[in-house]
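Engineer: predicted model follows, preceded by the sequence.
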Amino acid sequence: MTMEVDILELSERSAKFILSDASAAFANGIRRAALSDVPTLAIDDVNIYNNTSVLFDEQLALRLGLIPLTTDIEEFVPVEECTCGGAECPACKISLTLSAEGPRMVYSGDLVSSDERVQAADQNIPIIDLKEGQKVVLEAVAHMNYGYKHAKWQAGVACGYKNMPIVTFENCDECGACVNECPKNIIHIGPNGAEIAGDDILKCILCKLCASVCEIDAITVSEDEKSFIFTMESDGSYTVQQLIINAGTTIKEKASRLGQILESL
């Protein structure tokens, strides 16, 4: 059986789609891969040469580490997977510098990268508010790694899914109780009784309040075990389309390695 993907919404940072003819294990695998198995760049080391701001060095470094950086998964690799053997070459290490003097607000866009392909995903993230006479001079070193090592390497920031809802109405007496009870306001009284029109079924949260309030048991709420409504968001390291593709590629590579291991036993 071939899986199907129906795109409902797609932008640079977010997507909503329906994955059909798939198992719950595979759907959860896509979610987990997008959160923790797709490597991305993040600031990992900070060399601070001058900091007369109100922030301690550790606080400043923490803020820098949480700034998403644009990443090319084909050009950069984690340090432990790099052919340099841990010497930290341009394929696994990127340097960004920051030099600023107050009074001014310092933003992520003020970071100057040694590689034009690596920039702050958002240029307007506040880093620190410098007052008159205050200075910050530093070098931030970014490495590539995985989300399961630390949250700062999570390219996917909001990845989740739910089963496709199935709501059926039989012998409805049109009392309207379910209409008033539905928290998503998607049930309406039609020519043949209560109904959910068109794509409104996608808004159903499977709370089953409509079924519990129906005194004649005319409503059945269930879920399609092989169909899932996905929502995904990227932090800007990749477009959400690249994030989903990279997550699928990661699962494919892991399955291939597992097959090779089993064949060698």
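Structural biologist: Noted; the coordinates are in hand. Just so we're clear, the structure is a prediction, and the values are computed from it rather than from any experiment. Residues are numbered from 1 along each chain as shown.
Engineer: confirm that Glu74 sits in a helix.
Structural biologist: No. With DSSP: H, G, I helix; E, B strand; the rest coil as the criterion, Glu74 is located in coil rather than a helix.
Engineer: what's it sitting at in phi/psi?
Structural biologist: With angles defined as degrees, to the nearest 10, Glu74 sits at phi -80, psi -20.
Engineer: and the gap between it and Glu253?
Structural biologist: In this structure, Glu74 and Glu253 are 14 Å apart, going by C-beta to C-beta, to the nearest Å. Yep, even glycine has a C-beta here, placed from its N, CA and C like the rest.
Engineer: what's the first-to-last distance across stretch 116-130?
Structural biologist: 26 Å (C-alpha to C-alpha, to the nearest Å).
Engineer: check stretch 69-79 too.
Structural biologist: By C-alpha to C-alpha, one end of stretch 69-79 lies 17 Å from the other end.
Engineer: for the residue lying closest to Leu202 once chain neighbours are set aside, identify the helix or strand it belongs to.
Structural biologist: Excluding its sequence neighbours, the residue lying closest to Leu202 (C-beta to C-beta, 6 or more residues apart in numbering) is Ile229, at 6.0 Å. Here Ile229 sits within strand 219-233, counting by DSSP states H and E.
Engineer: other SSEs contacting that strand?
Structural biologist: strand 14-20, helix 24-32, strand 160-169, helix 209-213, helix 240-264 (3 or more C-beta pairs under 8 Å, 6 or more residues apart in numbering; DSSP states H and E).
Engineer: Pro148: how many residues sit nearby?
Structural biologist: Not Pro; residue 148 is Tyr. By other C-beta atoms under 10 Å, 12 other residues sit near Tyr148.
Engineer: also Gly147?
Structural biologist: Gly147, neighbours per other C-beta under 10 Å, totals 22.
Engineer: and the pLDDT for the residue nearest to Gly193 when sequence neighbours are not counted?
Structural biologist: In space, and not counting its chain neighbours, Gly193 is closest to Cys172: 2.9 Å by C-beta to C-beta, 6+ apart. You'll see Cys172 listed with a pLDDT of 90.
Engineer: correct me, but Cys172 touches Asn192?
Structural biologist: Yes. A contact is recorded between Cys172 and Asn192 when judged using C-beta atoms under 8 Å, the distance being 7.4 Å.
Engineer: the more surrounded of these two?
Structural biologist: Shown here are Cys172 and Asn192; by other C-beta under 10 Å, Cys172 has more neighbours (18 against 9).
Engineer: what sits against the more buried one?
Structural biologist: Neighbour list for Cys172: Asn192, Gly193, Ala194, Ala218, Ile219 [criterion: C-beta atoms under 8 Å, 6 or more residues apart in numbering].
Engineer: got a winner among the residues you listed for most neighbours?
Structural biologist: Ala194 leads those on contacts (other C-beta under 10 Å) with 23 neighbours.
Engineer: thinking that one is in contact with Ile187, fair?
Structural biologist: Yes. Between Ala194 and Ile187 there is a contact under C-beta under 8 Å: 5.6 Å.
Engineer: where do the contact lists of those two overlap?
Structural biologist: Common neighbours of Ala194 and Ile187 (C-beta under 8 Å, 6+ apart) are Cys178, Val179, Cys210.
Engineer: surely the second one is within a strand?
Structural biologist: No. Under three-state DSSP, Val179 falls outside any strand and is assigned helix.
Engineer: if I look at it, how far off is Ile186?
Structural biologist: Relative to Ile186, and taking C-beta to C-beta, Val179 is found at 9 Å.
Engineer: coming back round to it: so how far is Ile186 from the residue nearest to Gly193?
Structural biologist: 15 Å.
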